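**Q** below: sequence and its predicted model.
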Amino acid sequence: MSETIQLKIGDKTYDLPVITGSEDEKAIDISKLRDLTGYVTLDIGYKNTGATKSAITFLDGELGILKYRGYPIEQLAQKSSFLEVAYLLIYGALPTAEQIADFQRQINHHTLIHEDMKKFFDGFPSHSHPMGQLTALISSLSAFYPESLKPVQTAEDVNLTITKLLAKMTTIVSWIYKKSLGHPVIYPQNKHDYVTNFLYMTFGQRTEDVTIDPVIVEAMNVLLILHADHEQNCSTSTVRIVGSSEANLYSSVSAGISALWGPLHGGANQAVIEMLEKIKEDGGDTDKWIKKAKDKNDPFRLMGFGHRVYKNFDPRAKIIKKACDDILEKLGIDDEVLEIAKRLEEVALKDPYFVERKLYPNVDFYSGIIYRALGFPTEMFTVLFALGRLPGWIAQWKEMKENKEPIGRPRQIYVGAIDRDYIEMDKRELVTQ
Ligand code: SDX
């Protein structure tokens, strides 16, 4: 007998089915609610609403657990590579040696972008934000690869588009960086693995075949793994709902990039470093800034703190915080903002305001310190988040298509004006906004 709950409205009682997930999460299935009762539910910000059933990522906000396809993030960060995690998220299993070699080969075959795309790069103002460039450039891929627009996509079509997007993302991201410096772009060298090729195109010099420091390669793999997916977050939900209209993968991911840009979401990693720099310039008085973060009349928020789901430590933040110390030590970098960040965390985690609201450091709190140590400018940080999140966006879009989910179209409760007749221009009164 499947589990149900009873909903009583007036003198009627309705039985609604209960869905139980593989990690024993419970949901009330309200897919027939309006037909049964005439009611819809209201949950602004979807804080209590499940949008789908997914087999990709599980997270437990109370216990601080994060798993990709059942594998704990701690193990993947320590033992896997970003390309292997991308394969796991998208295709559902860890690849064999032969499968990952073939995946790398296929990707290497597609790392070049159409030479005409260079005109887009040259068209952007020199200091335009990299995220604005990225969302435009990724969407433009559908113009160069129209097979992605075919209304009926075979599995081969979808896999070709997935491979092209994964491959060209590294080239596009590194070229955005090079263009921001006014440097010549560097073409991919397919003898490198996925992350090394990205770092070679980003930090390599055209004149010589530089070797990329293995410390930086390892750090980049860990950071990208930690950002690879996070179930139904704002940008992933955006990718899914755009894809649900049968829009192509490039435009769905482009929309996800736009959603990630916001400072409440992926844009927080840039906002954290800007916040830490401001505190440093202000003399490093962390107590003063903690006080501002608590003051409801002060718009200042402690960026990189708090999370919609994690009401305990973000497991990614724990791993990144430890990696911060290791990498800065290995690279011989002493970054004062790391000490400020640690002091902020220490003070906040003892302060009742943060404790009562269960506000802990999230993935964005320490990541920018590492990105900066690796040589990236602050405005590139959210682009790097997008590079990491790409496999997750792809996996979630693919799952939504394979499950033949309907077009996403939420309902609403109307609270506006009712029954008004048209007013001729000469009879209208000025209504102040
Ligand atoms: C990411 O969803 C995901 O999975 C996202 C992500 C992913 O991998 O995709 O994990 C990546 O986006 C991480 C979050 C990055 N954003 C930031 O660091 C920005 C700062 N954080 C906040 O803006 C906030 O915590 C959010 C946006 C992350 C969560 O917002 P919620 O869930 O809507 O919570 P809320 O804003 O309603 O806050 C609840 C209370 C409020 O106080 P009260 O009204 O109860 O008095 O906590 C306070 C808030 O004012 N609060 C903060 C705070 N975050 C929440 N107060 C000060 N500083 C903060 N950072």
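**A** Alright, I've got the coordinates.

**Q** from now on I want contacts and neighbour counts done on CA atoms only, so please keep to that.
**A** OK.

**Q** quick check: Leu76 touching Leu223?
**A** No: applying Cα atoms under 8 Å, one finds Leu76 not in contact with Leu223, separated by 11.2 Å.

**Q** which one of those two is surrounded by more residues?
**A** For Leu76 versus Leu223, the count of surrounding residues by other Cα atoms under 10 Å is larger for Leu223: 23 against 18.

**Q** roughly how far apart are the more buried one and Ala348?
**A** For Leu223, the distance to Ala348 equals 24 Å [Cα to Cα, to the nearest Å].

**Q** and Ala293, by the same measure?
**A** 10 Å.

**Q** would you map the helices across the stretch 201-350 of the chain?
**A** Counting by DSSP state H, counting those that start in this stretch, the stretch 201-350 of the chain has helices at residues 214-226, 234-243, 249-261, 268-281, 286-294, 315-330, 336-348.

**Q** packing partners for the shortest one?
**A** It stands for helix 286-294. Judged by 3 or more Cα pairs under 8 Å, 6 or more residues apart in numbering; DSSP states H and E, helix 286-294 is in contact with helix 336-348.

**Q** helices and strands around the helix it packs on, which ones?
**A** Where contact means 3+ Cα pairs under 8 Å, 6+ apart, helix 336-348 is packed against helix 268-281, helix 286-294, helix 363-373.

**Q** for the first one, buried residues please.
**A** Which is helix 268-281. Neighbour-count burial for helix 268-281 flags Ala268, Asn269, Gln270, Ala271, Val272, Ile273, Glu274, Met275, Leu276, Glu277, Ile279 (criterion: 16 or more other Cα atoms under 10 Å).

**Q** so is it next to the ligand?
**A** Yes: for helix 268-281, a contact with the ligand is found by Cα under 6 Å from any ligand atom, at Ala268.

**Q** check the offset of that helix from the chain's centre.
**A** Distance of helix 268-281 from its chain centroid, counting by Cα atoms, centre = their mean, to the nearest Å, is 20 Å.

**Q** relative to helix 286-294, how tilted is it?
**A** Angle between the axes of helix 268-281 and helix 286-294 is 130 degrees (criterion: axes from the mean of the first three to the mean of the last three Cα atoms, to 10 degrees).

**Q** show me which residues of the stretch 201-350 of the chain sit near the ligand.
**A** Neighbours of the ligand within the stretch 201-350 of the chain, by Cα under 6 Å from any ligand atom: 230, 233-234, 264-266, 268, 293-294, 301-308.

**Q** filter these to the buried ones?
**A** Restricting those to buried positions leaves 230, 234, 264-266, 268, 293-294, 301-307, with burial counted as 16+ other Cα under 10 Å.

**Q** buried ones in the strand or helix carrying Lys179, by neighbour count?
**A** Taking DSSP states H and E as the criterion, Lys179 maps to helix 155-181. Neighbour counts over helix 155-181 (16+ other Cα under 10 Å) mark 158, 160-180 as buried.

**Q** other SSEs contacting it?
**A** If contacts are counted by 3+ Cα pairs under 8 Å, 6+ apart, helix 155-181 sits against helix 97-108, helix 130-144, helix 194-203, helix 249-261, helix 381-402.

**Q** put together CSV for those, with mean pLDDT on each row.
**A** Output for the helices and strands packed on helix 155-181, formatted as CSV (pLDDT from 0 to 100):
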stretch, mean pLDDT
helix 97-108, 98
helix 130-144, 98
helix 194-203, 95
helix 249-261, 98
helix 381-402, 98
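
**Q** turn those helices into TSV, including distance to Gly375.
**A** Compiled in TSV, these are given as follows (distance: least, Cα to Cα, whole Å):
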stretch	distance to Gly375
helix 97-108	25
helix 130-144	16
helix 194-203	8
helix 249-261	21
helix 381-402	11
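
**Q** of all these, which lies closest to Val431?
**A** With Cα to Cα as the criterion, Val431 lies closest to helix 249-261 of these, at 33.8 Å.

**Q** tell me the angle of that closest one relative to helix 234-243?
**A** Using the same axes, to 10 degrees: helix 249-261 against helix 234-243 is 150 degrees.

**Q** what angle sits between helix 249-261 and helix 381-402?
**A** Counting by the same axes, to 10 degrees, helix 249-261 lies at 130 degrees to helix 381-402.

**Q** could I get the full set of strands for the stretch 1-150 of the chain?
**A** Per DSSP state E, counting those that start in this stretch, the stretch 1-150 of the chain carries strands over the ranges 4-9, 12-20, 26-28, 57-60, 65-68, 71-72.

**Q** check the ones you listed for me and report the most buried one.
**A** Of the strands of the stretch 1-150 of the chain, the one with the most neighbours on average (mean count of other Cα atoms under 10 Å) is strand 65-68, at a mean of 21.

**Q** quick one: low-confidence parts of the stretch 151-300 of the chain?
**A** 206-210 (pLDDT under 70).

**Q** try it again at 80.
**A** Within the stretch 151-300 of the chain, the ranges that satisfy pLDDT under 80 run 205-211.

**Q** give me the residue from it nearest the ligand.
**A** For the stretch 151-300 of the chain and the ligand, the shortest gap (Cα to the nearest ligand atom) falls at His265, measuring 3.1 Å.

**Q** now that residue: how far from Val309?
**A** 13 Å.

**Q** what's the answer for Glu23, then?
**A** 16 Å.

**Q** what does Asp213 give?
**A** Using Cα to Cα, one gets 36 Å for the distance from Asp213 to Val309.

**Q** ok, now how distant is the spatially most central residue of the chain from Lys321?
**A** Nearest to the mean C-alpha position of the chain, counting by Cα atoms, centre = their mean, stands Arg389 at 4.8 Å. Plainly put, Arg389 is 19 Å away from Lys321 if you go by Cα to Cα.
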